[in-house]
Each structure stands twice: as structure tokens, then as C-alpha cells.
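Participant: Structure for the following, please:
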Amino acid sequence: LVQEFRAISSVSESVAAQFLRRTNWNVETALNEYFGSGTYQEESRRAPQADPAKITAAFNKFKEEGTDVIGPDGMQRLCDELRVDPTDPVMLVLAWKLHASVSCEFSRAEWNEGLTRLGVDSVEKLRGKIPDLRADLANPVTFKEIYSFSHKYSREKTQRSLPIELATGLWHLLLDGKWAKMDLWFEFLQQRRIQSIT
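Facilitator: Numbering: from 1, shown residues only. Predicted coordinates:
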């Protein structure tokens with residue numbers, strides 16, 4: 001719900017959560033209240049403006065030759081410039097922010113629209129957003145959305161379930177140090193010979 005509110009309003013997580021809590025988590029009512037409030041004008045004045053030409057130039061730097069996507073090789077180069085490991089969960093948060101639909105890929109539209117929403121137009125500015133992306137992992141509200149997104153993002157387009165190996169990797173990525181009973185869960189799955197997670 002926070003992400004849905006932010007996709008329309010482009011506000012911070014804290015402002016989105018504030019209006020959603022105030023309206024019992026009804027997105028439409030919360031948006032009506034937000035746009036009718038003084039907060040909207042204040043946030044609009046403070047919102048950073050991203051240069052579309054710079055966003056496009058950054059995309060072209062990382063996109064795969066002969067395609068219009070940032071694929072695995074471009075993603076590795078992006079991670080190098082962001083100074084994060086490709087297996088760092090912050091990259092999953094970035095994919096969530098960009099509304100990415102295919103694992104290990106960013107389309108031109110996802111990149112352009114996502115960076116515009118984030119208010120950044122260069123890798124340097126995106127690197128500066130890393131602490132905010134990590135904060136989303138620590139926020140219980142946004143973490144739930146990231147967790148739900150990760151399942152759809154990681155599976156094949158034609159599949160409704162994740163192979164157990166991939167699901168296990170995602171749980172390690174997102175839940176290590178957060179869920180004390182994870183080992184017991186893995187033991188249960190192994191005993192039941194579960195092959196996929198829906």
C-alpha cells in the first residue's frame with residue numbers, strides 16, 4: 001500500500017505511511033487527503049527534479065548491446081559502480097523501486113520512470129539513495145511489500161511457483177538474522193520433500 005501511494009504521490013515512505021495510517025490504510029482516501037493538504041505543496045517544492053537526458057545516458061551506459069534492457073552484464077557493471085555486491089538485498093529493493101518485471105533486468109521504461117520517481121539522474125545520486133533503500137528493508141511495512149514483490153520478480157514469467165532452491169536463496173537473502181525459526185522451516189521443507197513454493 002505504501003508503494004502504491006508513493007507511485008502516485010512520489011512522497012517519502014514516512015509521509016505515505018502517515019497518511020495511510022490516518023485513513024485506516026485506504027489508499028484512495030489517503031491520497032485525497034494528501035493532495036488536499038499543505039503537505040503536498042511542501043513536498044512538491046522539495047522534490048528533487050531528475051534530468052531525463054541524464055537518466056537516458058545512464059541507461060545507455062549499462063544496457064546490453066543490441067537490446068533495450070540492462071541485462072545481467074549491465075547489472076554487474078551497475079553494481080560495481082554502486083559499490084554493492086549483486087547478491088546484496090539492496091539490489092532487490094532497487095528492482096522493487098523500479099517496478100522491474102523480469103529478474104536481473106531493467107527495461108528502459110522501468111529505469112526512466114523509476115529513477116524519475118526516486119529523483120535521481122546519475123549513478124552517483126543513485127548510490128546516495130542506497131541508505132534509503134536499506135531503510136526500506138528495515139521498515140516492517142515496506143519490507144512486506146518487498147518480500148511479496150521478490151516472489152513474483154524471481155519466478156519465470158509463465159510459472160506460478162518458485163523452485164525450492166530459488167525460494168531458499170530468497171529467504172536467506174531477506175530473512176537471515178530476522179527470523180529465528182528459519183532453520184526449522186528449511187528442515188520441515190526437506191522432510192516433506194517440497195519441490196516448489198507458490
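Participant: pLDDT of the helix or strand harbouring residue 144, averaged?
Facilitator: Assessed by DSSP states H and E, residue 144 sits inside helix 140-154. On average, the pLDDT along helix 140-154 is 82.
Participant: likewise stretch 104-115?
Facilitator: In this model, stretch 104-115 has a mean pLDDT of 94.
Participant: Now do the helix holding residue 144: everything it contacts.
Facilitator: With contact meaning CB atoms under 8 Å, 6 or more residues apart in numbering, helix 140-154 is reached by 1-3, 13, 17, 92-93, 95-96, 100-103, 136-137, 162, 166-167, 170, 173-174, 197. The C-beta positions use only the backbone N, C-alpha and C, and glycine is treated the same way.
Participant: Buried ones from these, can you make that a ChimeraX selection?
Facilitator: Those of the contacts of helix 140-154 that count as buried under 16 or more other CB atoms under 10 Å are selected in ChimeraX with:
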select :1,2,3,13,17,92,93,95,96,100,103,136,137,162,166,167,170,174,197
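Participant: Report the next helix or strand after the helix-or-strand element of the chain with minimal mean pLDDT in sequence order.
Facilitator: Lowest by mean pLDDT, DSSP states H and E among the helices and strands of the chain is helix 38-46, with a mean of 52. With elements assigned by DSSP H and E, the helix or strand that comes after helix 38-46 is helix 52-62.
Participant: Can you name every helix or strand that the helix or strand following that following helix contacts?
Facilitator: Remark: after helix 52-62, the chain's next helix or strand is strand 69-70, criterion DSSP H and E. The helices and strands touching strand 69-70, judged by 3 or more CB pairs under 8 Å, 6 or more residues apart in numbering; DSSP states H and E, are strand 106-107.
Participant: Parallel or antiparallel, list what pairs with the strand it packs on.
Facilitator: The strands that strand 106-107 pairs with in its sheet are strand 69-70 (antiparallel) (by DSSP bridges).
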